[in-house]
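1. Next comes the sequence, and after it the predicted model I'd like to discuss.
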Amino acid sequence: MTVFRSSRQPRGTDAALLRAPPFPGAPRTTSEAARSPVLPMIADSTIDAIFAAIRDAQVGGAFWAPAAELPTGGLIVRVRSPEDLLAVRADLSDAERSACQWLLPAAYARHGKVRGWVAPEPVLFGEVDPWSLLPAAMLLLAHGDDEWAVLAHIAGCTVRLLSDGRFGAAGAHPAALREQAVTAVLRTRYLDPFTGDESDAASTIALLTFWRRTIVANRGIVAASGIAWWKRHEIARFLWSADQPLRFFQSERRALAHAARHSGAVAVWPSRISPAMVDSAATLGVLLIRVEDGFVRSVGLGSDMVPPSSVTVDRLGIHYDPSRASDLEALLAATDFPPALLGRAERLRTRIVTAGISKYGGNGAQPVPARQPGRRLVLVPGQVEDDMSVRLGGGGLASNLELLRRARVLEPDAEIWFRPHPDVDAGHRKGAVQDADAMRYADRIVRGGGMAALLDVVDSVHVLTSLTGFEALLRNRTVTCHGMPFYAGWGLTHDVIEAPTRRGRALTLAELVAGVLILYPRYLDPVTGIPCEPEVLLDRMVAGDAVNRLGWVSRIRRLQGRLTKAGRRASPSPL
């Protein structure tokens, strides 16, 4: 039986047909072809359904390879060498030769002279995505050990084998090809790459479909700028595709020049690039794709240099800038969420709430203070005052103290807890409020522990643009937004300022969760280092497997923060 795993597979004749892409850094495994001695009967309806799923998903073979730059249709010929090409070409009719599209191994891209060799037209060297050609092909000529024979049969093409091999014999009848396809797909052992448990063909196809969507979305991203050094290992994995290697640049000018030369895009961290780069990109016609931390990010703070296990990748804008459209906003405004996805979103929400997960992982050990009996309890989370989400989505408000004052005005009888932002409290970022000033409006200042534990005991939150508002919605708390975060304006929050007209649609909580946590972000399994769905990352967090690979850097960063805070306390307060 062929073993499917989540990492690199051999490229020989024993490679699994439904195999994982060669994600960077993934552990090497082998794919062993060991036929089961017992081949049970499989119903035709099951075979047809699985083959249809493969066709719809366009997975199998090297589906991650670059799309073929050849005209579709006619005759596709896969040969092993120029000499092989000449032999095959001699047996074709004039009409077939004129319709041929030739595919040769990459090794012959710069092939020297071969007697009788004339480069046919059109010709392509190297591995290509088979699905970029096969669905439109009328006929495939390939050797019997070429997996394209099976893929072409599944795609509905006519197949003529040039020699005997694993997938059939020369002159094989279509029924024989179907049986070879059944063996390659359904008489194969599959494993879940994240757990190592037994899996099946349908689940494997679903996983490959997910990976294909990610890889296709990454195509054309050839450069990155403004990415901190300690994030680059993960960002390279988030943005991997087989088309072009992703190059990181310190220089914005060089990043744009590289992208322009390769007709590609630049991935940028929005807060770390200049307005001049945005202008230059527009002049050059280079697309800037904005990458940011995801909403369930990591176990540990980004300001402590803990690499992200989740990011967002946005081609239109960025989710925290309400002045312009973003991929998230467009997704929430237009998606018809199917019932199965909404059910999954509700299960994901329940899992997050039950496990006490927030943006930076699970709850800390610090207990939550007792609330005053008989009073409504309101939480006001502080933010980093110069954060991009505050500058762009705060509606002109940036002060944590002013947010706290406004919350008191709207909640005169409530018990109010103020929670300073962890990055600010760690001494890394701007936005500190003196405790005495905060206590003019708050009843208590709460520090440490996890945000989820606080949200479990409060009745409501007042936020500027903080993700805490979204996390409160997950727990069915009322949320008042003084700014315009991505989750406001959809009918689920009390909004102090007017939402953009683009958000003219009321969403259910399940629809919001489906868009924000399932469809929009990217996730990376911290154990295997391969792209995963959010449920996998949550499982790792709960199990304690989401280990920080840069723990030593984080410890130094936390020490730096403590020194900064000590210096701040030693300085006199401004009058």
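-> Noted; the coordinates are in hand. Numbering: from 1, shown residues only.

2. Could I get the buried residue list for the helix or strand harbouring residue 341?
-> Assigned by DSSP states H and E, residue 341 belongs to helix 339-355. For helix 339-355, a neighbour-count test (16 or more other Cβ atoms under 10 Å) marks 341, 342, 344, 345, 348, 349, 352, 353 as buried. (Each C-beta comes from the backbone N, C-alpha and C, glycine too.)

3. How far off centre is that helix?
-> Here the centre of helix 339-355 is set off from its chain's centre by 19 Å, with Cα atoms, centre = their mean, to the nearest Å.

4. Likewise for stretch 328-337?
-> The answer for stretch 328-337 is 17 Å, by Cα atoms, centre = their mean.

5. Show me what it is in contact with.
-> 312, 314, 316-317, 319, 345, 486, 490, 500, 502-505, 507, 510-512, 514-516, 519-520 (Cβ atoms under 8 Å, 6 or more residues apart in numbering).

6. where's residue 146 relative to residue 133, distance?
-> 13 Å (Cβ to Cβ, to the nearest Å).

7. try residue 525
-> From residue 525 to residue 133 the distance is 32 Å (Cβ to Cβ).

8. between these two, who's got more neighbours?
-> Taking neighbours as other Cβ atoms under 10 Å, residue 525 and residue 133 compare with residue 133 leading, 26 against 22.

9. Residue 172 reaches residue 161, doesn't it?
-> Yes - here residue 172 lies in contact with residue 161, judged by Cβ atoms under 8 Å, at a distance of 5.6 Å.

10. Now list whatever residues contact both of the two.
-> residue 144.

11. Looking at the two now, which is surrounded by more residues?
-> residue 161 (22 against 19).

12. give the contact list for the more buried one.
-> Per Cβ under 8 Å, 6+ apart, neighbours of residue 161: 142, 143, 144, 149, 167, 168, 169, 170, 171, 172.

13. same check, this time on residue 394
-> Contacts of residue 394 by Cβ under 8 Å, 6+ apart are 464, 465, 482, 483.

14. Report pLDDT for the third one.
-> Confidence at residue 482, expressed as pLDDT, is 98.

15. Give me the neighbour count for the residue nearest to it when sequence neighbours are not counted.
-> Nearest residue to residue 482 in three dimensions, chain neighbours excluded: residue 496, at 4.8 Å (Cβ to Cβ, 6 or more residues apart in numbering). If you count neighbours by other Cβ under 10 Å, residue 496 ends up with 17.

16. Which neighbouring residues are in contact with residue 496, exactly?
-> Per Cβ under 8 Å, 6+ apart, neighbours of residue 496: 395, 480, 481, 482, 483.

17. and the last one, how many neighbours?
-> By that I understand residue 483. 26.

18. Residue 372: neighbour count?
-> 12.

19. Next one: it relative to residue 476, how far apart?
-> Look at residue 372 and residue 476: by Cβ to Cβ, they are 22 Å apart.

20. any idea of the pLDDT on residue 120?
-> Confidence score, pLDDT, at residue 120: 62.

21. Also residue 117?
-> At residue 117, the model reports a pLDDT of 58.

22. still on that earlier bit, quick one: which of the contacts of residue 394 is most hemmed in?
-> Busiest of those [other Cβ under 10 Å] is residue 464, holding 30 neighbours.

23. Identify the residues contacting that one.
-> 383, 390, 393, 394, 397, 398, 403, 481, 482, 483, 485.

24. for residue 410, phi and psi?
-> For residue 410, the backbone dihedrals (degrees, to the nearest 10) come out as phi -80, psi -20.

25. picking up where we left off before, would you show me how to pick out the buried ones of the contacts of stretch 328-337 in PyMOL?
-> The PyMOL selection below is limited to those of those classed as buried (16+ other Cβ under 10 Å):
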select buried, resi 312+314+317+319+345+486+490+503+507+510+511+512+514+515+516+519+520
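
26. Which of the contacts of stretch 328-337 fall within strands?
-> 312, 314 (DSSP state E).

27. Would you write a ChimeraX line that selects the buried entries of the contacts of residue 464?
-> Selection of buried members from those for ChimeraX, criterion 16+ other Cβ under 10 Å:
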select :383,390,393,394,397,398,403,481,482,483,485
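
28. Mind putting the contacts of residue 464 into a markdown table with secondary structure and distance to residue 247?
-> Output for these, formatted as a markdown table (DSSP: H, G, I helix; E, B strand; the rest coil; distance: Cβ to Cβ, whole Å):
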| residue | secondary structure | distance to residue 247 |
| --- | --- | --- |
| 383 | coil | 34 |
| 390 | helix | 32 |
| 393 | helix | 32 |
| 394 | coil | 35 |
| 397 | coil | 39 |
| 398 | coil | 36 |
| 403 | helix | 41 |
| 481 | strand | 39 |
| 482 | coil | 41 |
| 483 | coil | 36 |
| 485 | coil | 33 |
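
29. Out of the contacts of residue 464, which comes closest to residue 210?
-> Nearest to residue 210 out of the contacts of residue 464 is residue 485 (Cβ to Cβ; 27.4 Å).

30. so what's the spatially closest residue to the closest one that is not a sequence neighbour up against?
-> Leaving aside its chain neighbours, residue 485 sits nearest to residue 465 (4.2 Å; criterion: Cβ to Cβ, 6+ apart). Taking Cβ under 8 Å, 6+ apart, we find residue 465 in contact with 320, 383, 387, 389, 390, 393, 394, 481, 483, 484, 485.

31. Residue 465 - that's part of a strand, no?
-> No - read with DSSP: H, G, I helix; E, B strand; the rest coil, residue 465 is coil and lies in no strand.

32. start the count at 35, not 1, going forward
-> Yes, from this point I'll number from 35; that puts the last item at residue 499.

33. I'd like the distance between it and residue 362.
-> From residue 499 over to residue 362 (counting by Cβ to Cβ), the distance is 14 Å.

34. where does the stretch 185-334 of the chain have low pLDDT?
-> Scanning the stretch 185-334 of the chain for pLDDT under 70 picks out 332-334.

35. Just to check, residue 444 is in contact with residue 515?
-> No - the criterion here is Cβ under 8 Å, and residue 444 misses it with residue 515 at 11.8 Å.

36. between the contacts of residue 428, which is nearest residue 119?
-> For the contacts of residue 428, the nearest to residue 119 is residue 499 (60.7 Å; Cβ to Cβ).

37. circling back: need the contacts of residue 530 in CSV (columns: distance to residue 452).
-> Converted to CSV, the contacts of residue 530 look like this (distance: Cβ to Cβ, whole Å):
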residue, distance to residue 452
429, 20
514, 15
515, 17
516, 14
517, 17
